[in-house]
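J.: What would the 3D arrangement of this be:
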Amino acid sequence: MTPDTASRNSFQSSELSRSSADVFAAASDHPVEVTRRDGESLVLMSESENRARNSLLELAAQLIAVSTSLEGTLGERMSDHFPWMLALSPEGRETCATDILAAARASFATGQAHLALAELTSWRETATALAAGLGHAPVEWLDEDEPVERP
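T.: So this is what the prediction gives:
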């Protein structure tokens, strides 16, 4: 695959049969358009890209549902749709809601689904850790000069 091929966003359908490896390699990095003379163009993308886009659409649907309700704070409304948020403190829920909404807006504006999905996953994992009791134990910090023994 040449550098020009890797960064291309569009291929003719004839290139798919002549140099399918190049087209598939580009499609594994980003969605590519396959133009056809006899019909509408097609988009070729990886399964993970498709899953990310579907997840982003699901998140959009949930955020629209949250925004249509006027009762309670944003954190309270989002907790109804994302029950794992109940493991967070009330202040944490508000921060979480604001952060997820900002990341979702960035994802929608840039077409980069991973921004919102990473933020959502990060907050869900934080809530899961808090629910498991992590975060309440005192942290033992190591001195920079103190060597760490092997287990």
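
J.: Show me which residues of stretch 105-116 are buried.
T.: Across stretch 105-116, burial judged by 16 or more other CB atoms under 10 Å covers S107, F108, A113, L115, A116. The way it works is simple: take the backbone N, C-alpha and C, and place the C-beta from them, glycine included.

J.: Figure out the length between the terminal residues of it.
T.: 8 Å (CA to CA, to the nearest Å).

J.: got a list of contacts for that stretch?
T.: Identification of contacts with stretch 105-116 by CB atoms under 8 Å, 6 or more residues apart in numbering yields A52, R53, S55, L56, L59, A60, I100, A103, A104, L117.

J.: ok, back up a step: which of the buried residues of stretch 105-116 fall in helices?
T.: S107, F108, A113, L115, A116 (DSSP state H).

J.: Can you tell me, leaving aside adjacent residues, what's nearest to the fourth one?
T.: Yep, that's L115 we're talking about. Distance criterion CB to CB, 6 or more residues apart in numbering; nearest residue to L115, sequence neighbours excluded, is S107 at 4.4 Å.

J.: where does the one you found land on pLDDT?
T.: pLDDT for S107: 94.

J.: what does W141 give?
T.: Model confidence at W141 (pLDDT) stands at 78.

J.: re the thing from before, which of the buried residues of stretch 105-116 sits closest to E40?
T.: For these, the residue nearest E40 by CB to CB is A113; the value is 23.7 Å.

J.: Now render the buried residues of stretch 105-116 as JSON lines, adding distance to V23.
T.: Shown next, in JSON lines, are those (distance: CB to CB, whole Å):
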{"residue": "S107", "distance to V23": "27"}
{"residue": "F108", "distance to V23": "28"}
{"residue": "A113", "distance to V23": "22"}
{"residue": "L115", "distance to V23": "27"}
{"residue": "A116", "distance to V23": "29"}
